[in-house]
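*Asks:* the following block contains a protein sequence and its predicted model.
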Amino acid sequence: MRDMRQPGKHKEEQRYETATLRAYVRGELPETMQREIEAYMKTNETCATIVQGLRYLEEQAAAGGATAEAFLAQSATQQQKLIQQYVAKKNKVKRRSWLAAAAVLLLAALGIAFSLSGRKQVPPEALLAQALSQPYVFPEQTRGTQLPPASEAYAQGRYAQVIRLLEQAPALSEKEEFMLGLAYLYQQQYSRALPPLRAVLARNQIRNGYAEQARWFLVLALFQLKRNAEACELLQPILANPQHYQHAPAQGLKALC
């Protein structure tokens, strides 16, 4: 595993969902995760650029300038140009190819797709597929330290091994139960993902636990099983909470309800 503590930034695909980065910009994540993302940005230029683009939107809104809606009303080319100008002003960065790619990632995560002829809404089925294609990243995955066997297998995408290791464990922590549910989900065993994810959601009294993350992935699993009524019931608290880390993509999924 690459040591994330090595100096210098890397331009590979970054590990955090943009909704999580937006919560980071607003200071809404647990303190430990805020620190993890801050450290990760020093090693990944794409992540740092998306954060700067999100800060651009937040600063414009706070100053009474262009809001996110006004920003999104512009053409995709103009939006990319604005983010590039912002980053260049802050960092004197001239490498526009990856900046443009980061801007596209930002727009996609906001639930907006653009064609050459103009803007159109992303179909909810496409948003669902996108959400399932972005594995959840546990904070310890970015530390560059030795991981327990199940966590190491999860970080490397070996979900069948994760399931085997955790099913053999005498007892599971909340994090391990959540990881087991995710492993089933990414193996497309949606029905088997439900019990561990529901168990984690039931532990919602634990401060800074994984309850709300489990709620989101339960919604995804239920939609995949075509159990839309149950999925929509669980989706409602996310839709009602603008501060939820998956509020933006949840808005796109409500069309399935």
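*Replies:* Good, I have the coordinates. On a predicted model such as this, the values are computed, not experimentally measured, just so you know.
*Asks:* could you list the domains of this protein?
*Replies:* With domains defined by automatic domain parsing, the chain comprises 18-121, 130-256.
*Asks:* could you tell me the least trusted of the ones you listed?
*Replies:* Here the domains of the chain differ in mean pLDDT, and the lowest is domain 18-121 at a mean of 61.
*Asks:* in this protein, which spans are helices?
*Replies:* 18-25, 31-41, 45-62, 68-73, 76-91, 96-109, 124-132, 149-155, 159-168, 174-186, 190-202, 211-224, 228-239, 247-253 (DSSP state H).
*Asks:* for those helices, give me TSV that also has mean neighbour count.
*Replies:* Heads up, the C-betas are built off the backbone N, CA and C, glycines and all. Below are those laid out as TSV (neighbours: other Cβ atoms under 10 Å):
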stretch	mean neighbour count
helix 18-25	22
helix 31-41	16
helix 45-62	20
helix 68-73	14
helix 76-91	17
helix 96-109	18
helix 124-132	17
helix 149-155	19
helix 159-168	17
helix 174-186	23
helix 190-202	19
helix 211-224	22
helix 228-239	16
helix 247-253	21
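*Asks:* so what's the backbone phi/psi at the closest residue to E28 other than its chain neighbours?
*Replies:* The spatial neighbour of E28 that comes closest, neighbours along the chain excluded (Cβ to Cβ, 6 or more residues apart in numbering), is Q243 at 5.6 Å. Per-residue torsions, Q243: phi -90, psi -10 (degrees, to the nearest 10).
*Asks:* need the contact list for Q243.
*Replies:* 23, 26, 28 (Cβ atoms under 8 Å, 6 or more residues apart in numbering).
*Asks:* name the nearest of those relative to R198.
*Replies:* Relative to R198, the closest of the contacts of Q243 is A23; by Cβ to Cβ it sits at 23.8 Å.
*Asks:* and the closest residue to that closest one other than its chain neighbours, how far is that from E125?
*Replies:* Of all residues not flanking A23 in the chain, Y245 sits nearest, at 4.5 Å (Cβ to Cβ, 6+ apart). Y245 sits 22 Å away from E125, going by Cβ to Cβ, to the nearest Å.
*Asks:* list the contacts for the closest residue to V51 other than its chain neighbours?
*Replies:* Counting by Cβ to Cβ, 6+ apart, the nearest residue to V51 once its immediate chain neighbours are dropped is L21, at 5.4 Å. Residues near L21 by Cβ under 8 Å, 6+ apart: 37, 47, 50-51, 54.
*Asks:* next one: the nearest residue to Q141 once chain neighbours are set aside from L54, what distance?
*Replies:* Nearest residue to Q141, sequence neighbours excluded (Cβ to Cβ, 6+ apart): A155, at 4.8 Å. Separation of A155 from L54 (Cβ to Cβ) stands at 25 Å.
*Asks:* same thing with A39?
*Replies:* Noted for A39: a distance of 18 Å to L54, by Cβ to Cβ.
*Asks:* ok, F138 next?
*Replies:* The value you get for F138 to L54, if Cβ to Cβ is used, is 22 Å.
*Asks:* for T142, same thing?
*Replies:* Applying Cβ to Cβ to T142 and L54 gives a distance of 18 Å.
*Asks:* residue contacts, the closest residue to C257 other than its chain neighbours?
*Replies:* Once flanking residues are discounted, C257 sits nearest to C232: 3.7 Å by Cβ to Cβ, 6+ apart. Listed by Cβ under 8 Å, 6+ apart, the contact set of C232 reads 254, 256-257.
*Asks:* repeat that for 10 Å
*Replies:* For C232, the contact set (Cβ atoms under 10 Å, 6 or more residues apart in numbering) comprises 219, 222-223, 239, 253-254, 256-257.
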